[in-house]
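Q: model this:
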Amino acid sequence: MKHSVWAIWVGSLAAILLGQGWVSTAGHFALWGTLVAHLVEFLVKRSVMEAAGGSMTHHFIQTMIYGLFHWKPLEDAANGGGGR
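A: Below you'll find the predicted structure:
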């Protein structure tokens, strides 16, 4: 599941670079929307990543790429769940 996020990144970049008109515009919305959403996720869930330990740079990059697929397992492990 985690790597399915790459479809959004690659698809939006392809739409921007190869598309015209509304396709390119949709690519821009998808790219910037995903970036903003992941930045907000990082800011909101920063405490989860701090509690998990490790490099905050690593957590930032992983969250910017994968979003909840990075921080949710950390949160589940911290809560004793270990769920998907």
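
Q: For the residue nearest the centre of the chain, give me phi and psi.
A: Against the mean C-alpha coordinate of the chain, by CA atoms, centre = their mean, the closest residue is G67 at 2.5 Å. The phi/psi pair for G67 (degrees, to the nearest 10) reads phi 60, psi -130.

Q: That one: what's it in contact with?
A: V5, T34, A37, H38, E41 (CB atoms under 8 Å, 6 or more residues apart in numbering). C-beta: built from backbone N, CA, C; applies to glycine.

Q: Which among those residues count as buried?
A: Neighbour-count burial (16 or more other CB atoms under 10 Å) applied to the contacts of G67 gives V5, T34, H38, E41.

Q: Need those in TSV (columns: secondary structure and pLDDT).
A: Shown next, in TSV, are the buried ones among the contacts of G67 (DSSP: H, G, I helix; E, B strand; the rest coil; pLDDT from 0 to 100):
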residue	secondary structure	pLDDT
V5	helix	92
T34	helix	96
H38	helix	97
E41	helix	97
